[in-house]
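Participant: Just need the structure, nothing else, for what follows:
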Amino acid sequence: MEPQARKQTVVTDSKATGGGPPAHVAIIMDGNGRWAEARGLPRSEGHRRGVEAVRRTVTAASDLGIGYLTLFSFSSENWSRPPAEVEFLFGLLRMFIRRDLARLHRQGVRIQVIGSRDSLPDDIAALIGEAEAKTADNTGLCMVVAFNYGGRDEITRAARRIARKTAEGGVDPDEIDETMISAHLDTANMPDPELVIRTSGEMRFSNFLLWQSAYSEFVFLPMHWPDFDGETLQSALAQFASRSRRFGGSVK
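Facilitator: Down below sits the predicted model:
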């Protein structure tokens, strides 16, 4: 089942809007389990504290005027974790939507979920659809949740859609370009992330927004995700603002 088409308002790159906040910030929320283990707590407590960090970060991003905030919450590779942990993570998503949806809606937050929905439990898919439909007309921060998401899987699904259209005669192979591929990704009509943040000190993409991050700036933080807050986000934005983004061009 493919995600439904969504109404989007494209936000331009901050470089073209007078140096404001990044239009799109993406975060690899890493380290919940290690945060808990370092404190002698069960991994589930780390995941619970991670949800609290999500709440803080969404509020801070909205206050800072960020247009899109993408949070990598469950990857297509996370199915390999113990079944009890996977079910616990699903339970956290259920709880988050049921408890936070009304508040986010009042704050004008628009929710969008990217990733494959084919293997999700029916109730999870229904909750995702409810959250997207309820907030579809909101004009504030777009909170993008990458759930059951993998960058290679996303590109593969986009390629299949284009291949079907080509086989049906709707697309000439010579017309396939970067713009067409982007239009068939889960993030169609979103700006590419200008800044990608990863917590826990790891320095890798982990199959996250592979196509979209071609020219993103990266900030790697040594802290684990449950310790992330608005001040941390502001510090990462300050690092971003200090960098020169040349997009393959020469230094001026």
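
Participant: which residues in the stretch 101-250 of the chain form strands?
Facilitator: Using DSSP state E, counting those that start in this stretch, the strands of the stretch 101-250 of the chain run over residues 110-114, 142-149, 195-198, 217-220.

Participant: among these, which is nearest T156?
Facilitator: Comparison of these against T156 by C-beta to C-beta identifies strand 142-149 as nearest, at 12.4 Å. For every residue, glycine as well, the C-beta is placed using N, CA and C.

Participant: Quick check: mean pLDDT of the longest helix belonging to the chain?
Facilitator: Counting residues, the longest helix found in the chain (DSSP state H) is helix 83-106. Mean pLDDT, computed over helix 83-106, is 94.

Participant: ok, for E85, nearest residue in space, not its chain neighbours?
Facilitator: Nearest residue to E85, sequence neighbours excluded (C-beta to C-beta, 6 or more residues apart in numbering): R43, at 6.6 Å.

Participant: OK, contacts around the one you found?
Facilitator: N32, G33, A36, E37, E85 (C-beta atoms under 8 Å, 6 or more residues apart in numbering).

Participant: what does T232 give?
Facilitator: By C-beta under 8 Å, 6+ apart, T232 lies in contact with L221, M223.

Participant: switch to 10 Å and redo it
Facilitator: A53, R56, T57, A60, I197, T199, V219, L221, M223 (C-beta atoms under 10 Å, 6 or more residues apart in numbering).

Participant: go on, R204?
Facilitator: R204 touches I28, D30, R198, F218, F220, counting by C-beta under 10 Å, 6+ apart.

Participant: Now the two most distant members of these.
Facilitator: It's D30 and F218 that sit farthest apart of the contacts of R204, by C-beta to C-beta, at 13.1 Å.

Participant: any shared contact partners between these two?
Facilitator: Joint contacts of D30 and F218 (C-beta under 10 Å, 6+ apart) are I197, R198, R204.

Participant: tell me the least confident of those?
Facilitator: R204 (93).

Participant: For D30 and F218, indicate the residue with more neighbours.
Facilitator: Under the criterion of other C-beta atoms under 10 Å, the comparison of D30 against F218 puts D30 first, with 23 against 19.

Participant: On the three-state scheme, the residue nearest the centre of the chain is what?
Facilitator: By C-alpha atoms, centre = their mean, the chain has its centre lying nearest to T70, at 2.5 Å. Of the three states, T70 takes strand according to DSSP: H, G, I helix; E, B strand; the rest coil.

Participant: The chain should start at 3 in everything you say after this.
Facilitator: Got it, first residue is 3 now, which makes that one T72.

Participant: How about the contacts made by it?
Facilitator: With C-beta under 10 Å, 6+ apart, T72 has these contacts: 26-30, 114, 116, 144-148, 151, 189, 192, 195, 198, 210-211, 214.

Participant: And R166, by the same measure?
Facilitator: R166 touches G172, V173, counting by C-beta under 10 Å, 6+ apart.

Participant: need the helices for this protein, in chain order.
Facilitator: Under the criterion DSSP H, the chain contains helices at 34-40, 45-65, 85-108, 124-137, 153-169, 180-185, 232-243.

Participant: Tell me which of these approaches E79 most closely.
Facilitator: E79 sits nearest to helix 153-169 of all the helices of the chain, at 9.6 Å, using C-beta to C-beta.

Participant: Centre of the chain to that closest one, how far?
Facilitator: 20 Å (C-alpha atoms, centre = their mean, to the nearest Å).

Participant: How far off centre is the helix or strand bottoming out on mean pLDDT in the chain?
Facilitator: Least confident helix or strand, the chain: helix 85-108 with a mean of 94, by mean pLDDT, DSSP states H and E. Chain-centre distance of helix 85-108: 16 Å, with C-alpha atoms, centre = their mean.
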